[in-house]
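Peer 1: coords below, sequence missing:
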């Protein structure tokens, strides 16, 4: 398994430390969240790094909701820098969330209008942090979106799948297996709260997910971005600890 480091485009102060971590084989790639409006000021820093990238497009935290038809123009404007980063960093994928409060078909239509073959769709919990209903929380939703040809593939966020299973009152392992059958191109992993319906990202070993069983289910060649909390002003200390901790749960 190959593990990725999650950073935001304005985390330029961490670029050199991230480079060292990749060179030391702690991580294999960086997943860079593209903050709208940040490309001009930060792209040169990331372009100078030696590691490979995957780009994560902006979501609701950056004012993007692809399921909202009234925000089509604004969503497109805020997504431009993600495509610019993908160009500059030769990233093969741009990850997007389906949004909330509207159908996944609307999300797909907005992505189709951007005419970029690198978009991949990430699954969501059913219930958002503010009790909104998210778009793209079942394997069937994802299968339909992928089958449309608009998305190159999809990203399986394991925690999101477990929280959606709780909302639907389905056993998590069977639900996760249905997602795995769709052959995700990338995985997101953190620890979390196995009884929650809402998204919780916990450090490895700080939640109650059955991480040993989860990792045993994933493909042996899986690319996995660790989406765990990072304390501000402490560099990569927390994520390096998580990377070391994951070894307790997997031999891969």
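Peer 2: Structure's in. What do you need? Just so we're clear, the structure is a prediction, and the values are computed from it rather than from any experiment. Residues are numbered from 1 along each chain as shown.
Peer 1: can you give me the strands for the stretch 101-250 of the chain?
Peer 2: Secondary structure of the stretch 101-250 of the chain by DSSP state E, counting those that start in this stretch: the strands cover 119-122, 153-157, 186-189, 223-226.
Peer 1: can you put those strands in JSON lines and add mean pLDDT, mean neighbour count and distance to residue 171?
Peer 2: Any C-beta I mention is one placed from the backbone N, CA and C, and that applies to glycine too. Below are those laid out as JSON lines (pLDDT from 0 to 100; neighbours: other CB atoms under 10 Å; distance: least, CB to CB, whole Å):
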{"stretch": "strand 119-122", "mean pLDDT": "97", "mean neighbour count": "24", "distance to residue 171": "22"}
{"stretch": "strand 153-157", "mean pLDDT": "97", "mean neighbour count": "23", "distance to residue 171": "17"}
{"stretch": "strand 186-189", "mean pLDDT": "98", "mean neighbour count": "24", "distance to residue 171": "19"}
{"stretch": "strand 223-226", "mean pLDDT": "97", "mean neighbour count": "22", "distance to residue 171": "23"}
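Peer 1: in CSV: those strands, plus distance to residue 95.
Peer 2: Formatted as CSV, these follow (distance: least, CB to CB, whole Å):
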stretch, distance to residue 95
strand 119-122, 5
strand 153-157, 5
strand 186-189, 7
strand 223-226, 9
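Peer 1: what's the closest of the ones you listed to residue 19?
Peer 2: strand 223-226 (17.2 Å; CB to CB).
Peer 1: what is the closest one packed up against?
Peer 2: With contacts taken as 3 or more CB pairs under 8 Å, 6 or more residues apart in numbering; DSSP states H and E, strand 223-226 sits against strand 2-8, strand 186-189, helix 237-245.
Peer 1: so what does the second one touch, helix or strand wise?
Peer 2: Applying 3+ CB pairs under 8 Å, 6+ apart, one finds that strand 186-189 makes contact with strand 153-157, helix 158-168, strand 223-226.
Peer 1: just how off-centre is it within its chain?
Peer 2: From the chain centre to the centre of strand 186-189 is a distance of 6 Å (CA atoms, centre = their mean, to the nearest Å).
Peer 1: do the longest one as well
Peer 2: Relative to the centre of its chain, helix 237-245 is centred 18 Å away, using CA atoms, centre = their mean.
Peer 1: give the buried residues for that helix.
Peer 2: Of all the residues in helix 237-245, those buried under the rule 16 or more other CB atoms under 10 Å are 238, 239, 240, 242, 243, 245.
Peer 1: geometric centre of this structure: which residue is closest?
Peer 2: Closest to where the C-alpha atoms of the chain average out (CA atoms, centre = their mean) is residue 188, at 5.4 Å.
Peer 1: all helices of the stretch 101-250 of the chain, in order?
Peer 2: 104-114, 139-147, 158-168, 172-180, 211-217, 237-245 (DSSP state H, counting those that start in this stretch).
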